[in-house]
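Colleague: Fold the following, please.
(one chain, ligands or ions: 2)
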Amino acid sequence: MERILVTGGAGFIGSNFIAMALTENPECRIINLDKLTYAGNLENLTEYAENPNYTFIKGDICDGPFVEKIIEEYGIEAIINFAAESHVDRSITGPKIFIETNVTGTLTLLQAARDKKIKRFIQVSTDEVYGSLGATGKFTENTSLSPNSPYSASKAAADHLVHAFAHTWNLPANITRCSNNYGRYQFPEKMIPLMINNALNNKDLPVYGDGQQVRDWLYVYDHCTAIWAVLTKAKPGDTYNIGGCNEKSNMEVVRLILEKLDKPESLIKHVTDRPGHDRRYAIDASKIITELGWEPSVTFEQGMEKTIQWYLNNRRWLENVVSGDYQKYYDQMYANR
Ligand code: NAD
Ligand code: DAU
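Modeller: Ligands and ions are numbered 1, 2, ... in the order given. From the prediction side, this is the model:
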């Protein structure tokens, strides 16, 4: 499949995916449809702006006629849906936009994909749809969905819609469920870039609760190659978990960042916990590894080294992102913690 509509391609994972696809698969043509919300940043793709195989279109995935027009005009064969409201804390303070973008937006894309006979639809979902784990066990593709936050509930609703379209209209679709990503171009509302940014500016590092919550981290490039493997090798209808087997507590990650930046642990500040905070996520990725031959390219330590170095080398990107409304967001989100 050569002509791909990527939605949300100006965000963190979408922009990394486009860069990987254009660099490693020169035969593909990418159309990037993005609304450019606070999380969308065309600076992430400056290098590709003039690439003849890349086109950016500003627009909303909830706009059905516009999506259909793009599919027709560019002869789109596959859709990869990255577009979403993606931050759990924002879904707690304002859930409505999560339903609009993540549920209605996905429904709109599915209808267009069905009506225009798209050859493959990939829904980029999340391990958060499975809910929270106790001290042991891992999520498999058969774990039942039990989302706990408005964000994960909206992503689970979208997954159910994808399944319904595949079942009812034979839409050739796949769902991918990945664990926490980290890497270049991540908006500093998310834990790793937020902690890096604060440490660089000698500001407190706000750790929610006891900081013993566990996330299973994956370097963003490895998530992108996994999605490419699903696009090119998976049978329609299959769901794939994606993860790198890197369970770390938040305190471990924060301490590593401080150590790498040579900053004191006295910057760590335990603040009020996130309401309904999921305690532990862990992914069993054996299906994608054995069936599609995918594997991560770096260890957590190597990925974090590259990531921290990237933020150090790209202080201007970080400064641009945190100028504007970011400080207002930060003050509101952290004022009462
Ligand atoms: P992000 O917030 O960085 O980017 C989201 C992008 O979607 C932005 O460019 C934004 O402008 C765009 N967008 C939002 N609403 C839109 C709309 N209505 N129409 C068109 N574009 C719109 O998110 P991310 O971290 O890159 O996540 C991408 C996808 O991957 C999401 O679906 C998310 O649920 C999923 N995911 C993320 C992670 C993670 O750790 N970040 C892990 C697993 C899955
Ligand atoms: O698991 C996949 C999910 O990972 C994706 O679906 C989401 O889009 C993505 O945002 C991410 O969700 P999390 O809530 O796990 O990521 P976040 O970076 O917000 O938080 C990671 C952990 O760090 C979590 O336990 C909360 C904690 N945290 C976060 C922030 C922002 C803090 O302790 N302090 C903070 O300031």
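Colleague: Spell out the secondary structure type for Pro206.
Modeller: For Pro206, the assignment made with DSSP: H, G, I helix; E, B strand; the rest coil gives strand.
Colleague: so how far is Asn197 from it?
Modeller: Pro206 sits 12 Å away from Asn197, taking C-beta to C-beta, to the nearest Å as the criterion. The way it works is simple: take the backbone N, C-alpha and C, and place the C-beta from them, glycine included.
Colleague: Same question for Gly59.
Modeller: If you go by C-beta to C-beta, the gap between Gly59 and Asn197 works out to 30 Å.
Colleague: With neighbour numbers in mind, choose between the two.
Modeller: Asn197 (20 against 15; other C-beta atoms under 10 Å).
Colleague: Return the list of helices and strands in contact with the helix or strand where that one lies.
Modeller: Per DSSP states H and E, Asn197 falls inside helix 191-200. When contacts are defined as 3 or more C-beta pairs under 8 Å, 6 or more residues apart in numbering; DSSP states H and E, helix 191-200 sits against strand 205-208, helix 250-260, helix 300-313, helix 315-322.
Colleague: I'd like these laid out as TSV, including mean neighbour count.
Modeller: Compiled in TSV, the helices and strands packed on helix 191-200 are given as follows (neighbours: other C-beta atoms under 10 Å):
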stretch	mean neighbour count
strand 205-208	20
helix 250-260	18
helix 300-313	17
helix 315-322	15
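Colleague: So which of those is nearest Lys35?
Modeller: Minimum separation from Lys35 across the helices and strands packed on helix 191-200 (C-beta to C-beta) falls at helix 315-322, 17.1 Å.
Colleague: Not counting its neighbours along the chain, what's nearest the residue in the chain that ligand 1 sits nearest to?
Modeller: Closest residue of the chain to ligand 1, C-beta to the nearest ligand atom: Gly11 (2.0 Å). Leaving out its chain neighbours, the residue that sits closest to Gly11 by C-beta to C-beta, 6 or more residues apart in numbering is Ala39, at 5.1 Å.
Colleague: Just give me the neighbour total for the one you found.
Modeller: Neighbours of Ala39 under the rule other C-beta under 10 Å: 23.
Colleague: which bits of this protein sit near ligand 2?
Modeller: Residues of the chain found near ligand 2 (C-beta under 6 Å from any ligand atom) are 86-88, 126-128, 179-180, 190-191, 194, 206-208, 213, 215, 250, 274, 281.
Colleague: Contact partners for Phe121?
Modeller: Residues counted as contacts of Phe121 (C-beta atoms under 8 Å, 6 or more residues apart in numbering) are Ala78, Ile79, Asn81, Leu109, Leu110, Ala113, Val162, Phe165, Leu171, Pro172, Ala173, Asn174.
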